[in-house]
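Participant: pasting a predicted model and its sequence here:
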Amino acid sequence: MEKRRVVVTGVGAVTPLGNDVETTWKGILAGKSGIGPLTRVNADEYPAKVAGEVKDFNPEAFMERKDARKMDRFTQFAVASAIMAVKDANLTINEENSHRVGVWIGSGIGGMETFEQQYEIFQKRGYRRVSPFFVPMLIPDMATGQVSITLGARGFNSCTVTACATGTNSIGDAFKVIQRGDADVMVTGGAEAPITKMSIAGFCANTALSTNPDPKSASRPFDKNRDGFVIGEGAGIVILEELEHAKARGAKIYAEIVGYGATGDAYHITAPAPGGEGGARAMKMAIADAGLAPEEIDYINAHGTSTDYNDKYETFAVKEVLGDHAYKVAMSSTKSMIGHLLGAAGGVEAIFTVLAIKDNMLPPTINYETPDPECDLDYVTNAARPQEITAAMSNSLGFGGHNATIVFKKYQ
């Protein structure tokens, strides 16, 4: 059976650079940083001092106050981004088509803020004072659930939890749902709100976070002096649509999604496999699924966390997959500007990859000052640059050994 073609027809996001895609993308191309002082928790209690926080977000611009109060922050981000993506796609969901519109949104951590707040209430006042909405606000699948309810989307409905690979796995799996014919439209991506006391404590305890107190230089992927990732929050949602369905309603098309690969390291709970071999296999799988040759990839949106092992091993993996072409392909980490959004990273970075193809603009890796001999590829350092982009891929790698890659092409 011939595979159905799938295209991107809408995008929506809430990020540290802006509460919509347009503002965020302008900031990305300008090399602007959305990272600032850590304010959502008391920074004096932690060695990490900076974060990519979402600013001036008002959930009531997208939902009733009574509904917002029943959602954790990560779910509010997801609902807002999904509403914006559906509007951008000019998609009407009604009784006739709702059973063919699905939702697949993941979160790496879920409602951590809710958990902490309600546990404090439980400790001080007992179980009777715990909110009856505690569990529905906490569980990671509630972003999918609330988006489905808000939009009236009654089709294929799921949630992925694969740590920092979550957003990319969600989009890849949603792509396959449409490709095999189980839905015509999927609302998909990732959402995360992990800037909480215990999340920061946990990441500081395992020395994953940068302790650089300067917001302007803390996130520095591929730079020799990188010292850890900067935690961020937000959501990125894309509308995936079967090509003929999109054409029939006259939808604008950003790009076509053509490949997906996902693998496991089977190596370590937090460290990537030596040489990035699991990530390399995911990239090879995605490129093969896309029916492309490695030398046809023009741009890679790297996982690029600004940690020692990730940046080095992802570089090794790209060389393994692309061979000599690795030195000709452009590769950048947008985490240099917004930090690491964990489960939302793949959703937001998919949007950046699609817009890079649409606008023929390579987003930069900012804060790059000192070359690392082991990271020697073209990281589009410090300034965006124009380039014709026909095919691009986005990588996401997560704790637990999860590796995911998706490939997009210019729609023709």
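Facilitator: Nice, thanks for sending it over.
Participant: setting aside sequence neighbours, what's the nearest residue to residue 39?
Facilitator: Leaving aside its chain neighbours, residue 39 sits nearest to residue 53 (6.4 Å; criterion: C-beta to C-beta, 6 or more residues apart in numbering). Every residue, glycine included, has its C-beta placed from N, CA and C.
Participant: around that neighbour, count how many other residues there are.
Facilitator: Residue 53 has 21 neighbours, counted by other C-beta atoms under 10 Å.
Participant: the one 5 residues further on too?
Facilitator: Residues near residue 58, counting by other C-beta under 10 Å, number 10.
Participant: what of the one 4 residues further on?
Facilitator: Taking other C-beta under 10 Å as the neighbour definition, residue 62 ends up with a count of 20.
Participant: next one: residue 248
Facilitator: Using other C-beta under 10 Å, residue 248 is surrounded by 10 other residues.
Participant: about what we covered before: mind listing what the residue nearest to residue 39 touches?
Facilitator: Neighbour list for residue 53: 16, 36, 38, 39, 40, 195, 232, 233 [criterion: C-beta atoms under 8 Å, 6 or more residues apart in numbering].
Participant: in stretch 43-54, what counts as buried?
Facilitator: 43, 46, 48, 49, 50, 51, 52, 53, 54 (16 or more other C-beta atoms under 10 Å).
Participant: which one of those is nearest residue 12?
Facilitator: Set against residue 12, the nearest of the buried residues of stretch 43-54 by C-beta to C-beta is residue 54 (13.7 Å).
Participant: could you double-check that that closest one sits in contact with residue 80?
Facilitator: No. Between residue 54 and residue 80 there is no contact under C-beta atoms under 8 Å: 10.0 Å.
Participant: residues shared between the contacts of the two?
Facilitator: Residues touching both residue 54 and residue 80 (C-beta under 8 Å, 6+ apart): 14, 19.
Participant: just to revisit the earlier point, distance to residue 5, secondary structure and pLDDT added to the buried residues of stretch 43-54, as CSV?
Facilitator: Below are these laid out as CSV (distance: C-beta to C-beta, whole Å; DSSP: H, G, I helix; E, B strand; the rest coil; pLDDT from 0 to 100):
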residue, distance to residue 5, secondary structure, pLDDT
43, 48, helix, 97
46, 47, coil, 98
48, 44, coil, 98
49, 47, coil, 98
50, 42, strand, 98
51, 39, strand, 98
52, 35, strand, 98
53, 38, coil, 98
54, 34, coil, 98
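Participant: could I get the residues you listed as TSV with distance to residue 24?
Facilitator: Shown next, in TSV, are these (distance: C-beta to C-beta, whole Å):
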residue	distance to residue 24
43	24
46	27
48	23
49	24
50	19
51	17
52	11
53	14
54	11
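Participant: what's the farthest-apart pair in those?
Facilitator: Across these, the longest distance by C-beta to C-beta is 19.1 Å; it joins 46 and 54.
Participant: ramachandran angles for the residue nearest to residue 39?
Facilitator: Note on residue 53: backbone dihedrals following degrees, to the nearest 10 are phi -90, psi 140.
Participant: quick check: it vs residue 267, distance?
Facilitator: Distance of residue 53 to residue 267, given as C-beta to C-beta, to the nearest Å: 33 Å.
Participant: with residue 40 instead?
Facilitator: To residue 267, residue 40 is 33 Å away according to C-beta to C-beta.
Participant: more neighbours, the two?
Facilitator: Per other C-beta under 10 Å, whichever of residue 40 and residue 267 has more neighbours is residue 40, with 18 against 13.
Participant: what's the closest non-adjacent residue to that one?
Facilitator: Spatial nearest neighbour of residue 40, excluding adjacent residues (C-beta to C-beta, 6+ apart): residue 195 at 4.4 Å.
Participant: how many other residues sit next to the one you found?
Facilitator: Neighbours around residue 195, by other C-beta under 10 Å: 22.
Participant: do the one 3 residues further on as well
Facilitator: Neighbours of residue 198 under the rule other C-beta under 10 Å: 15.
Participant: go on, residue 120?
Facilitator: For residue 120, using other C-beta under 10 Å, the count is 11.
Participant: which helix or strand contains it?
Facilitator: Take DSSP states H and E as the rule and residue 120 turns out to sit in helix 112-125.
Participant: can you give me the buried ones in that helix?
Facilitator: Buried residues in helix 112-125, counted by 16+ other C-beta under 10 Å: 112, 113, 114, 115, 117, 118, 121.
Participant: what mean pLDDT does the helix or strand following that helix have?
Facilitator: Once the chain leaves helix 112-125, the next helix or strand it forms, by DSSP H and E, is helix 134-138. Mean pLDDT, helix 134-138: 97.
Participant: only C-alpha atoms, please: export helix 134-138 in CSV.
Facilitator: Output of helix 134-138 as CSV, limited to C-alpha atoms (Å, rounded to 0.1, in the frame of the first residue of the first chain):
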residue,chain,number,x,y,z
PHE,A,134,-4.6,17.0,41.8
VAL,A,135,-4.2,13.8,39.7
PRO,A,136,-5.8,15.2,36.5
MET,A,137,-3.5,18.3,36.7
LEU,A,138,-0.4,16.1,37.4
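Participant: got the buried residues for it?
Facilitator: Neighbour-count burial for helix 134-138 [16+ other C-beta under 10 Å]: 134, 136, 137, 138.
Participant: neighbours of the closest residue to residue 278 other than its chain neighbours, how many?
Facilitator: Spatial nearest neighbour of residue 278, excluding adjacent residues (C-beta to C-beta, 6+ apart): residue 265 at 3.9 Å. Neighbour count for residue 265, taken as other C-beta under 10 Å: 22.
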